[in-house]
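Engineer: Build me a model from this:
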Amino acid sequence: MTAYSAGLLLFRPDTAEVLIAHMGGPFWQRKQAGAWSIPKGEYDPASEDPLAAAEREFREELGLTPPAGERVELGEFRYSSGKRLRVFALDADGFALVGMRFGEFALEWPPHSGRMESFPEVDRAEWVRVDDARDLLVAAQRPVLDALAPHLDR
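Structural biologist: Residues are numbered from 1 along each chain as shown. All right, here's what the predicted structure looks like:
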């Protein structure tokens, strides 16, 4: 069965920056390259609108309400696993990362210990220049930056 995710990519056209988040949990803790993501999460396309899901996931992962403004659909991007990601972009010049509260997930840690630990879904979020974001994002999300390029050139 195909998994569907939706994400909201905030950008600042004047500085060519995007808001991305470093994935939380023990696996990603010491990694940088390929360990960042657009704030996103899964949804059921039969029962939820992808834009509504993207905004819900933004709130859940970062604890922030997305700013007002026009949401532009950048398209659907496919992971090698078959997962599909719909991304919406939003010009968020002036949006401050104040009051972030990261959502959490439970994981058996250490593996095979029988102990469940709680970890943040993401452990930090930052404004990053698009050129730097290309190396930081997981590989399947890098094409999103190409789709965003015309909106940065305005």
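Engineer: those strands in the chain, which residues are they?
Structural biologist: In the chain, the strands defined using DSSP state E lie at 4-12, 17-23, 36-37, 40-43, 71-78, 84-91, 104-108, 116-120, 122-129.
Engineer: Serialize those strands to a markdown table and add fields for mean pLDDT, mean neighbour count and distance to Thr65.
Structural biologist: Where you see a C-beta, it was placed from the backbone N, CA and C, and this is true even at glycine. Output for those, formatted as a markdown table (pLDDT from 0 to 100; neighbours: other Cβ atoms under 10 Å; distance: least, Cβ to Cβ, whole Å):
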| stretch | mean pLDDT | mean neighbour count | distance to Thr65 |
| --- | --- | --- | --- |
| strand 4-12 | 97 | 24 | 11 |
| strand 17-23 | 97 | 22 | 13 |
| strand 36-37 | 98 | 24 | 19 |
| strand 40-43 | 96 | 18 | 16 |
| strand 71-78 | 97 | 15 | 14 |
| strand 84-91 | 97 | 22 | 12 |
| strand 104-108 | 93 | 12 | 19 |
| strand 116-120 | 94 | 14 | 19 |
| strand 122-129 | 96 | 17 | 14 |
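Engineer: Just want the angle from the lengthiest helix in the chain to strand 4-12.
Structural biologist: Taking DSSP state H as the assignment, the helix of the chain that covers the most residues is helix 50-62. Orientation check (axes from the mean of the first three to the mean of the last three Cα atoms, to 10 degrees): helix 50-62 against strand 4-12 gives 70 degrees.
Engineer: In terms of pLDDT, where does Arg154 sit?
Structural biologist: In this model, Arg154 is scored at 64, pLDDT.
Engineer: between the strands of the chain, which gets nearest to Ala147?
Structural biologist: For these, proximity to Ala147 was assessed by Cβ to Cβ; strand 71-78 is nearest, at 4.1 Å.
Engineer: can you dump the C-alpha coordinates of the closest one into PDB?
Structural biologist: Taking Å, rounded to 0.1, in the frame of the first residue of the first chain, the C-alpha atoms of strand 71-78 are listed here in PDB:
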ATOM      1  CA  ARG A  71       0.000  28.400  -0.500                       C
ATOM      2  CA  VAL A  72       1.500  27.300  -3.800                       C
ATOM      3  CA  GLU A  73       1.500  23.600  -4.700                       C
ATOM      4  CA  LEU A  74       5.000  22.500  -5.800                       C
ATOM      5  CA  GLY A  75       3.900  19.000  -6.800                       C
ATOM      6  CA  GLU A  76       4.100  15.400  -5.800                       C
ATOM      7  CA  PHE A  77       7.500  13.800  -5.200                       C
ATOM      8  CA  ARG A  78       8.100  10.100  -5.100                       C
END
